[in-house]
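Peer 1: sequence first, then the predicted structure:
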Amino acid sequence: MYGVVSFGAAALLPANALHAVCTDNAQMSMLTSTSALPCEPVSHPRSVERLVTGKATSDGAGVKLTRVLTQDLQRRLDPYLMLDAFGSVNPDDYIAGFPDHPHRGFETITYMIAGRMRHRDSAGHEGLLENGGVQWMTAGRGVIHSEIPQQEEGVMEGFQLWLNLPGRDKMSAPWYRDFKAADLPRFVTDTGVSVTVIAGHSHGVAGAVTREASAPLYLDLHLPAGSRLMQPLAAGLNAFLYVYRGEITVAGSTVPSQRMAILGNDAQSDGVIVEAAGEARALLIAGRPLQEPIEQYGPFVMNTRDEIHQALNDFRDGRLA
């Protein structure tokens, strides 16, 4: 069983909802079985507004990574604050991990493609993130945590996404959950596209986590050669794609590997159509903008400078956790 978690509530879905097939029968108004899902048509697809190349950097105790969504894009891609991509076969690039460090005011979503990472935090949570798994942490009013690799060799690859919290929830209690790969909802379209629904909803499948305020959609798309996926997106959502294998085409624009495509916000658009001539993998991420002030100082993201000063004081005085 896996949880569909909303803020303050949880519900469970049956395991047989996994690995369903999305059909193109537009007349299908309800599910006739757990292996057939209606595909919602997209008549006005979004185009690519711009392509973004990530910036090589390091974080934690020297972990090498690529910062794809940087601070200057926070307004444009509200409610998202950051996307880091990391991947290496050289243990020197990741072995030191991310020792104890604080957070306040947002959520971290870590998706591990390959490798193992141990999480511990000051709220008493502990978990092991493994291949294909997701770690979702709400820092809320404050948490100090560590993320340490549990391997000395081999490939470590994954992503960390920061999702902003609305002002009313920034001082909420910390929350944490690990989802193993087998717990994440998945379905397969009739063209063979495998979709992992980490957050939000896609073709009738609810993701592992939902959030009312920001309505995050987080999909991992595995596209075989010659396939395409139609994903409805409300016009008011900010959305982007990050390609991490192969290349895709969106509305006639090619998006190569290791590039982020920011999708346009045309008021008439109702979704996105993703096509792949060859095998490709990409993240599709969207969310409802909070349209609130953003004040960030390193690992603290609040609405005002005074709240940042308070976070720094609380961290200094041991009141953060």
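Peer 2: Sure thing, it's come through. Numbering: from 1, shown residues only.

Peer 1: what helices and strands are in contact with the strand or helix carrying V188?
Peer 2: Element membership of V188, judged by DSSP states H and E, is strand 186-189. Identification of packing neighbours for strand 186-189 by 3 or more CB pairs under 8 Å, 6 or more residues apart in numbering; DSSP states H and E yields strand 20-23, strand 194-199. All C-beta spots, glycine's among them, are computed from the backbone N, C-alpha and C.

Peer 1: partner strands of that strand, with direction?
Peer 2: For strand 186-189, sheet partners with direction are given as strand 20-23 (parallel), strand 194-199 (antiparallel), following DSSP bridges.

Peer 1: hey, least reliable of those strands by pLDDT?
Peer 2: Across the strands paired with strand 186-189, strand 20-23 has the smallest mean pLDDT, namely a mean of 54.

Peer 1: and stretch 107-124, C-alpha only, in PDB?
Peer 2: Only the C-alpha atoms of stretch 107-124 are listed here, as PDB (Å, rounded to 0.1, in the frame of the first residue of the first chain):
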ATOM      1  CA  GLU A 107      10.000  21.400   1.500                       C
ATOM      2  CA  THR A 108      12.700  19.200   0.000                       C
ATOM      3  CA  ILE A 109      11.900  16.400  -2.400                       C
ATOM      4  CA  THR A 110      14.800  14.100  -3.200                       C
ATOM      5  CA  TYR A 111      14.400  11.500  -6.000                       C
ATOM      6  CA  MET A 112      17.200   8.900  -6.200                       C
ATOM      7  CA  ILE A 113      17.700   7.400  -9.600                       C
ATOM      8  CA  ALA A 114      20.700   5.300  -8.500                       C
ATOM      9  CA  GLY A 115      22.500   4.900  -5.200                       C
ATOM     10  CA  ARG A 116      21.800   5.000  -1.500                       C
ATOM     11  CA  MET A 117      21.500   7.900   0.900                       C
ATOM     12  CA  ARG A 118      20.800   7.900   4.700                       C
ATOM     13  CA  HIS A 119      18.700  10.700   6.200                       C
ATOM     14  CA  ARG A 120      18.600  11.700   9.800                       C
ATOM     15  CA  ASP A 121      17.000  14.800  11.300                       C
ATOM     16  CA  SER A 122      16.500  16.600  14.600                       C
ATOM     17  CA  ALA A 123      12.800  15.800  14.600                       C
ATOM     18  CA  GLY A 124      13.700  12.100  15.100                       C
END
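
Peer 1: mind listing what's buried in it?
Peer 2: Neighbour counts over stretch 107-124 (16 or more other CB atoms under 10 Å) mark 107-113, 115-117, 119, 121-123 as buried.

Peer 1: what's the most distant pair in the residues you listed?
Peer 2: The distance between the two most remote of those (CB to CB) is 27.5 Å, for I113 and S122.

Peer 1: quick revisit: can I get the strand holding V188 as CSV, trimmed to CA atoms?
Peer 2: What follows is strand 186-189, C-alpha atoms only, in CSV (Å, rounded to 0.1, in the frame of the first residue of the first chain):
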residue,chain,number,x,y,z
ARG,A,186,3.0,4.3,-12.0
PHE,A,187,1.1,3.8,-15.2
VAL,A,188,2.0,3.0,-18.8
THR,A,189,0.4,4.7,-21.8
